[in-house]
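Student: Predicted model, plus sequence, below.
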Amino acid sequence: MKKNTNSNQANTLVRCNKVYMHVNVILTFDMPNAYGERQEFFDLQLPLSSKDTDAVEFLNKKLFKRIVKKCELFKRNVNELTKISTASNWALYEEVTKAESLTALGHNCKWHFGMNRDDLDEWEKELMSKYGFGTNVDMSWLQQFIDERNKATAQSKAKSA
């Protein structure tokens, strides 16, 4: 195993001529662990090939099941997971696959979870259904906050008109 020093492939492992995309992950949970921490930080190396030409399917196949295993390792319940944040070498993905990266497709590489919220996209809902992410977290407080903020904004605009 060696670390590739090519400038386009920084932070990338090459093993037996296989390329691995480095992913920095931050998981945010509703409940703190035994040490009072609500976040877990770790790095992953996802195997990457020229056949991985759909960035969404690439992550569906290679990222989220690894996150579930990390939650088990950290003794964390996936149903208390409220956010996944990632930073990855998407330039490497584009170089190897000749396809658009997740960021090029307009995704910010963050996923939010929780029950009783209207702001989740279809992908987040699918991840909740498949893995149970955030299914024990009541996020109705967030929806109430958004509704109150929108109401205040509308009132402010009405006064200034």
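Tutor: Looks like it came in fine. Residues are numbered from 1 along each chain as shown.
Student: can you pull the buried residues of whichever strand or helix holds residue 92?
Tutor: Assigned by DSSP states H and E, residue 92 belongs to helix 90-97. For helix 90-97, a neighbour-count test (16 or more other Cβ atoms under 10 Å) marks 90-97 as buried. All C-beta spots, glycine's among them, are computed from the backbone N, C-alpha and C.
Student: Counting by contacts, list what that helix packs against.
Tutor: Secondary-structure packing of helix 90-97 (3 or more Cβ pairs under 8 Å, 6 or more residues apart in numbering; DSSP states H and E): strand 18-29, strand 39-48, helix 55-62.
Student: Repeat the analysis, applying 10 Å as the threshold.
Tutor: Counting contacts by 3 or more Cβ pairs under 10 Å, 6 or more residues apart in numbering; DSSP states H and E, helix 90-97 packs against strand 12-15, strand 18-29, strand 39-48, helix 55-62.
Student: Now do it against strand 18-29, angle only.
Tutor: Calculated by axes from the mean of the first three to the mean of the last three Cα atoms, to 10 degrees, helix 90-97 forms an angle of 140 degrees with strand 18-29.
Student: gap between stretch 135-152 and the chain center?
Tutor: Between the centre of stretch 135-152 and the centre of its chain there are 21 Å (Cα atoms, centre = their mean, to the nearest Å).
Student: any idea which of the helices and strands packed on helix 90-97 is most buried?
Tutor: Mean neighbours per residue, mean count of other Cβ atoms under 10 Å, is largest over those for strand 18-29, with a mean of 19.
Student: Would you agree residue 118 falls within a strand?
Tutor: No - Residue 118 sits outside any strand when classified using DSSP: H, G, I helix; E, B strand; the rest coil, being coil.
Student: what helix or strand does the nearest residue to it once chain neighbours are set aside sit in?
Tutor: Distances taken as Cβ to Cβ, 6 or more residues apart in numbering put residue 143 closest to residue 118, at 5.9 Å, once the chain neighbours are dropped. According to DSSP H and E, residue 143 maps onto helix 140-160.
Student: what about that helix, average pLDDT?
Tutor: Mean per-residue pLDDT for helix 140-160: 82.
Student: low-confidence ranges in the protein?
Tutor: 1-16 (pLDDT under 70).
Student: and residue 77, what is it in contact with?
Tutor: 29-31, 71, 132, 135-137 (Cβ atoms under 10 Å, 6 or more residues apart in numbering).
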